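Novice: quick one, what's the 3D model for this:
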Amino acid sequence: MADDAAIAGTNHTSFGHPAVLAPAPPAAPAAGAEYALLVRDLLETAERHDRSLGVRALAVVTVSAVLLMSQVGWAFLVRGSNSPDVSAIAVVLAVLAVVFLLAAAAVAAQTGAAWRTRTLDPATLPDEIWARWGHPGDDPIAKTTATRLALWAAAHEVGQRRARYLHTAIRLLVTALVAEVLAVLLAG
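Specialist: Reported below is the predicted structural model:
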């Protein structure tokens, strides 16, 4: 019993062996390591943003196709009906809507296209790292960070280009939608 009382305030198992505690918190990273982690996060964020642009571009293409089909259906309804002639302005707006829808789909498809970007081949990774730091005694964290920065710059440039294409595609899509609504209202 005395032994139990002696070890009651310590961290031991019932068998008298020290219990395994949670691992100690990691040591604070070196100043260069913090910067390397920041650059890695920037690169990962740029890649996630680029993937989300591709998804949005696919949505624009899908919406363009649906609106184009509705425009074609509207044209068949007008043509097959016994209603008086449709005004020339409505026809012009309908044709413009089709042109804008096709343009929006084409521009959005360019957003999702494979852009030539800088990537690393595992076989050439050492050369990429040493190209940024020419001396064998250089800090590996700094070399890795410089390589990640180059990749981030390339990914950021491609992401910005894709964002501009997507923005243009959305503008074309909205313009087509307005033209289509006006054409239907004028044909009314």
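Novice: all helices of the chain, in order?
Specialist: Per DSSP state H, the chain has helices spanning 2-7, 31-80, 88-112, 125-132, 140-187. These are given in chain order.
Novice: same list, the ones you listed, but as TSV with mean pLDDT and mean neighbour count please.
Specialist: For glycine as for every other residue, the C-beta is placed from the backbone atoms N, C-alpha and C. Listed next are the helices of the chain as TSV, based on pLDDT from 0 to 100; neighbours: other Cβ atoms under 10 Å:
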stretch	mean pLDDT	mean neighbour count
helix 2-7	48	9
helix 31-80	75	15
helix 88-112	83	19
helix 125-132	64	14
helix 140-187	82	18
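Novice: contact partners for the closest residue to A163 other than its chain neighbours?
Specialist: Take A163 and drop its neighbours on the chain: the residue closest to it by Cβ to Cβ, 6 or more residues apart in numbering is L53, 6.1 Å away. L53 makes contacts with 111-112, 159, 162-163, 166, as judged by Cβ atoms under 8 Å, 6 or more residues apart in numbering.
Novice: TSV for those, including distance to A103?
Specialist: What follows is the contacts of L53, written out as TSV (distance: Cβ to Cβ, whole Å):
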residue	distance to A103
T111	13
G112	15
G159	22
R162	17
A163	18
L166	13
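Novice: of the residues you listed, closest to A150?
Specialist: For these, the minimum distance to A150 (Cβ to Cβ) is 14.9 Å, reached by G159.
Novice: leaving out the residues flanking it, which one is nearest to that closest one?
Specialist: Here the nearest residue to G159 in space, its sequence neighbours aside, is D50; by Cβ to Cβ, 6+ apart that works out to 4.7 Å.
Novice: can you tell me how far the one you found is from V184?
Specialist: Distance check for D50 against V184: by Cβ to Cβ, to the nearest Å, it reads 37 Å.
Novice: with A146 instead?
Specialist: Taking Cβ to Cβ as the criterion, A146 is separated from V184 by 57 Å.
Novice: now L42
Specialist: Counting by Cβ to Cβ, the gap from L42 to V184 is 47 Å.
Novice: before we move on, what about L58?
Specialist: To V184, L58 is 27 Å away according to Cβ to Cβ.
Novice: repeat for Q110
Specialist: Taking Cβ to Cβ as the measure, Q110 and V184 are separated by 29 Å.
Novice: alright, that wraps it up for me.
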